[in-house]
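A.B. asks: here's my sequence, what's the structure:
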Amino acid sequence: MILNGEKLPGLLMTIIRFVLPLQDHTIKKLLLVFWEIVPKTTPDGRLLQEMILVCDAYRKDLQHPNEFIRGSTLRFLCKLKEAELLEPLMPAIRACLEHRHSYVRRNAVLAIYTIYRNFEHLIPDAPELIHDFLVNEKDASCKRNAFMMLIHADQDRALDYLSTCIDQVQTFGDILQLVIVELIYKVCHANPSERARFIRCIYNLLQSSSPAVKYEAAGTLVTLSSAPTAIKAAAQCYIDLIIKESDNNVKLIVLDRLVELKEHPSHERVLQDLVMDILRVLSTPDLEVRKKTLQLALDLVSSRNVEELVIVLKKEVIKTNNVTEHEDTDKYRQLLVRTLHSCSVRFPDMAANVIPVLMEFLSDNNEAAAADVLEFVREAIQRFDNLRPLIVEKMLEVFHAIKSVKIYRGALWILGEYCSTKEDIQSVMTEVRRSLGEIPIVESEIKKEAGELKPEEEVTVGPVQKLVTEMGTYATQSALSSSRPTKKEEDRPPLRGFLLDGDFFVAASLATTLTKIALRYVSLVQEKKKQNSFIAEAMLLMATILHLGKSSLPKKPITDDDVDRISLCLKVLSECSPLMNDIFNKECRQSLSHMLSAKLEEEKLSQKKESEKRNVTVQPDDPISFMQLTAKNEMSSKEDQFQLSLLAAMGNTQRKEAADPLASKLNKVTQLTGFSDPVYAEAYVHVNQYDIVLDVLVVNQTSDTLQNCTLELATLGDLKLVEKPSPLTLAPHDFANIKANVKVASTENGIIFGNIVYDVSGAASDRNCVVLSDIHIDIMDYIQPASCTDAEFRQMWAEFEWENKVTVNTNIIDLNEYLQHILKSTNMKCLTPEKALSGYCGFMAANLYARSIFGEDALANVSIEKPIHLGPEAPVTGHIRIRAKSQGMALSLGDKINLSQKKTSL
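C.D. replies: Purely as a prediction, here's the structure:
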């Protein structure tokens, strides 16, 4: 009631008479809370007479034999803001420093510190008193509190104390060590000439048994010194922390510190020597940690350490093959394959060691990992001519074991494209025949079915139906033929199995491969008989596949596209024209070469941008700063890290405001009521990751005193109000600030609405109410651009069930300009390469991707065109399809696009 502004003057004496003398600990604790919030002064600012009685009661409590009562009373005194109440208690507070129990002593130090900070005249000798106490104190928590006070109250005394015991720092408790690290950081930050005095102490603290101390000491060491030995010691400390700490969040935070170290050009070389130590982190089972570690290792790889890196990664790949299947094992294998791929592209000498190990995974059950291996093999065989024989040989070895049809198609293409010797071509044909089984397929399958039914002739079968096949032979089909024994299905050769399942796209791929190797065989072998024999065999295989496709045996019939493709290949082989030979054997390879070179160029460009960002450029006319001539406040260009981390934890991160006035705080102020309302209110919406802080300014525009003025808020969407704002009393034309915290749980548009209710002082009417305008929380504060591979994009596109189709409705007339406008307004990243978007053809398709801070993915596909028939000034038309896992994300992004695309960007 008191918190709500109720005045209860008669209650005070009752509590003093009947409740204050009680000795029950719980009641004493409740009384401390009561005395903290109760008004202690009269309206004209003088202390209430009754408080003298309360003061006397607390003087007795400070001399109480029970240490809990003494300690909790001292804690309460930290919160008192009335010097008249504290003055009589000072001797008792001083005496508590001598108490036998550490709980009392440490709270006495805190009480002295807060009193000294607020009312220095009450205890002017506090720093000297605490310094003497610190020298003789044995308890770690008391020493920590005392040392903390000296840091803030009298830094010179703190440094004097530290100098006397600097060699024993390692023996102190971890809470005191943390405070020492903070002091050293602050002193060296303010006065860099002190660095040499304390850097040895920081080195010693890297060996502390406490992970928190090691972490802070490593961070401080990096800011104090950029010497290679210091950076190496700090990085080694970080790596040990990651390996020894079991919490994955800690591992990720410390990994981020290593990544920050790597960003500094001079530190990068030191970290390159520690790559093998960093790879020890891969023993962690968490996929996110492994992903970040591999990325860091890849960024640090150089010609000096690439060999060792590849050996470790190969061992890890082999390990993933032996472990029992875990849901993340496949993803981890993919990460390893991609890392090895990148290493081999950057250091071609390594490719020969990597390829034989990776090609074993082409027969893997996990299609995604096998697809990554295949992509790597395709790039390697095109780039490195000297490795082609090795790759073809290994490919032929694993070819029959490939289980996935997609991988099978890719392997066929590689073999058809790069088999250049007569022996290899013969081997490919042998493998294809082996994979296809007995031909002609239709007849052998019918015979097999008939053979399987022989033992069951006594069994009554359904009506027998005679069918005439395309070749004119009779095929008998009974009711039992549809349920073929599964054992026989398992025994089928792989390619035959794919075809009987109705997957004829692989047949079209096979036809192309056969055509390529047949045309190459003709150019290699001079004997006409052998040429004709090989071409005839290739044509027979194609013809039997066409026959199978038209029959009723496969689960799905062959498509017209595949028929056209196979028929074309048959025609090419029957004519053998030089033009077709060029198209099949040269043009395909050139297309791949163009694609790979474009990809490489793009990677180089992005790396160049990264390195440009990181390079610290010093201009010739930059002023030179001499430490001896610099003013104290200019000495440290860096900001105080401890202050920054404290502000970040409190949600007050002070971002550097842009020069543009629109980017300032005023841009985020929302007017909640009208200027003519009795109470005017406006809110500044500050978004800090998962929290939203509403700073509401409330102005009383009337000549009356408004009592119990309360801000009542409610939320819509995945927002949650943390606590109800406290009521306050507003004098005539007075103003006040009310803060409200809102937690955010997911990425979707949220709305905060509510009203302000108040009582007019002296009026008999009911409570008054002013309704506030809605505050819309912008989804863009949570969405960040991200990138993923095409395969991952397609997989997510297939998996996400929520789709939102937005029709383009804009006045922008240029396709590229519209795309850039969408990227800017949605914070998404365009995955489609720049080269694919360049040029002008009247239409454009692009894939966009972003991820929220909550780990939610958002995909978008932009399909737009310029209706030329409507003239050059016609606006862009088309659709944007958004897909996301959650409905809120898809709808919110759609709303954002709808709102922003209508704005003019001209």
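A.B. asks: going forward, measure contacts and count neighbours with C-alpha atoms only.
C.D. replies: Will do.
A.B. asks: contacts only, for S444.
C.D. replies: Neighbouring residues of S444 by Cα atoms under 8 Å, 6 or more residues apart in numbering: E438.
A.B. asks: I misspoke; the intended subject was C569.
C.D. replies: Contacts here follow Cα under 8 Å, 6+ apart; on that basis C569 touches A511, T512, T515.
A.B. asks: for the stretch 701-850 of the chain, which segments count as helices?
C.D. replies: Remark: helices assigned in the stretch 701-850 of the chain by DSSP state H, counting those that start in this stretch are 790-799, 815-826, 834-837.
A.B. asks: how near is I738 to D695?
C.D. replies: I738 sits 6 Å away from D695, taking Cα to Cα, to the nearest Å as the criterion.
A.B. asks: picking that back up, in terms of mean pLDDT, which of the helices of the stretch 701-850 of the chain ranks lowest?
C.D. replies: Among the helices of the stretch 701-850 of the chain, helix 834-837 carries the lowest mean pLDDT, at a mean of 75.
A.B. asks: pLDDT value on the nearest residue to L77 once chain neighbours are set aside, please?
C.D. replies: Nearest non-adjacent residue to L77, counting by Cα to Cα, 6 or more residues apart in numbering: A111, 6.2 Å away. Here the pLDDT value assigned to A111 is 87.
A.B. asks: could you do E470 as well?
C.D. replies: With respect to pLDDT, E470 scores 45.
A.B. asks: just E537 next, same as before
C.D. replies: You'll see E537 listed with a pLDDT of 84.
A.B. asks: tell me which element it is part of?
C.D. replies: Here E537 is covered by helix 528-550, with elements defined by DSSP states H and E.
A.B. asks: name the residues of that helix that come out as buried.
C.D. replies: By 16 or more other Cα atoms under 10 Å, the buried positions in helix 528-550 come out as 531, 534-536, 538-539, 541-550.
A.B. asks: now do stretch 57-76
C.D. replies: 58-59, 61-63, 67, 69-76.
A.B. asks: neighbouring contacts of it?
C.D. replies: Residues outside stretch 57-76 that contact it (Cα under 8 Å, 6+ apart): 20, 25, 28-29, 32, 36, 88-89, 92-93, 96, 101, 103-105, 107-108, 110-111.
A.B. asks: show me the shaky parts of the stretch 701-850 of the chain.
C.D. replies: Scanning the stretch 701-850 of the chain with the threshold set as pLDDT under 70 gives 747, 762-765.
A.B. asks: if we use 90, what do you get?
C.D. replies: Within the stretch 701-850 of the chain, the segments meeting pLDDT under 90 span 702-710, 713-754, 758-768, 774-796, 798-802, 806, 808-844.
A.B. asks: strands of that one, start to end?
C.D. replies: Along the stretch 701-850 of the chain, the stretches classed as strands by DSSP state E, counting those that start in this stretch are 706-716, 719-721, 728-730, 735-744, 750-760, 768-771, 775-777, 783-785, 802-807, 829-830, 843-852.
A.B. asks: can you lay out the ones you listed as JSON lines showing mean neighbour count and distance to G497?
C.D. replies: Below are the strands of the stretch 701-850 of the chain laid out as JSON lines (neighbours: other Cα atoms under 10 Å; distance: least, Cα to Cα, whole Å):
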{"stretch": "strand 706-716", "mean neighbour count": "19", "distance to G497": "55"}
{"stretch": "strand 719-721", "mean neighbour count": "19", "distance to G497": "53"}
{"stretch": "strand 728-730", "mean neighbour count": "21", "distance to G497": "78"}
{"stretch": "strand 735-744", "mean neighbour count": "17", "distance to G497": "52"}
{"stretch": "strand 750-760", "mean neighbour count": "19", "distance to G497": "53"}
{"stretch": "strand 768-771", "mean neighbour count": "16", "distance to G497": "70"}
{"stretch": "strand 775-777", "mean neighbour count": "17", "distance to G497": "55"}
{"stretch": "strand 783-785", "mean neighbour count": "18", "distance to G497": "43"}
{"stretch": "strand 802-807", "mean neighbour count": "17", "distance to G497": "35"}
{"stretch": "strand 829-830", "mean neighbour count": "22", "distance to G497": "40"}
{"stretch": "strand 843-852", "mean neighbour count": "20", "distance to G497": "35"}
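A.B. asks: distance to K668 for the ones you listed - can I get that in TSV?
C.D. replies: Output for the strands of the stretch 701-850 of the chain, formatted as TSV (distance: least, Cα to Cα, whole Å):
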stretch	distance to K668
strand 706-716	19
strand 719-721	19
strand 728-730	25
strand 735-744	15
strand 750-760	15
strand 768-771	20
strand 775-777	11
strand 783-785	18
strand 802-807	27
strand 829-830	25
strand 843-852	21
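A.B. asks: nearest to T320, of these?
C.D. replies: Minimum separation from T320 across the strands of the stretch 701-850 of the chain (Cα to Cα) falls at strand 843-852, 28.6 Å.
A.B. asks: chain center to that closest one, what's the gap?
C.D. replies: 19 Å (Cα atoms, centre = their mean, to the nearest Å).
A.B. asks: note down every partner strand of it and its orientation.
C.D. replies: strand 783-785 (antiparallel), strand 829-830 (antiparallel), strand 857-865 (antiparallel) (DSSP bridges).
A.B. asks: outline the domain layout of this protein.
C.D. replies: With domains defined by the TED database, the chain comprises 301-399, 412-447+492-602, 666-777, 781-900.
A.B. asks: so which of those domains gets nearest L129?
C.D. replies: Closest to L129 of these is domain 666-777 (Cα to Cα; 39.2 Å).
A.B. asks: count the residues that sit near G878.
C.D. replies: G878 is flanked by 17 other residues according to other Cα atoms under 10 Å.
A.B. asks: without its sequence neighbours, what residue ends up closest to it?
C.D. replies: Distances taken as Cα to Cα, 6+ apart place I864 nearest to G878, at 4.2 Å, with adjacent residues excluded.
A.B. asks: Q295 too?
C.D. replies: Using Cα to Cα, 6+ apart, the nearest residue to Q295 is T339, at 7.9 Å.
A.B. asks: and the strand or helix carrying that neighbour, which residues are buried?
C.D. replies: Assigned by DSSP H and E, T339 belongs to helix 329-346. Within helix 329-346, the residues scored as buried using 16+ other Cα under 10 Å are 329-341, 343-345.
A.B. asks: as JSON lines, the domains of the chain with distance to Q177 would be great.
C.D. replies: Formatted as JSON lines, the domains of the chain follow (distance: least, Cα to Cα, whole Å):
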{"stretch": "domain 301-399", "distance to Q177": "36"}
{"stretch": "domain 412-447+492-602", "distance to Q177": "49"}
{"stretch": "domain 666-777", "distance to Q177": "31"}
{"stretch": "domain 781-900", "distance to Q177": "34"}
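A.B. asks: out of those, nearest to D139?
C.D. replies: Proximity to D139 (Cα to Cα) singles out domain 666-777 among the domains of the chain, at 37.9 Å.
A.B. asks: distance from the chain centre to the closest one, please.
C.D. replies: 34 Å.
A.B. asks: show the end-to-end separation of that domain, please.
C.D. replies: Using Cα to Cα, one end of domain 666-777 lies 16 Å from the other.
A.B. asks: over to stretch 76-94?
C.D. replies: End-to-end distance of stretch 76-94: 16 Å, with Cα to Cα as the criterion.
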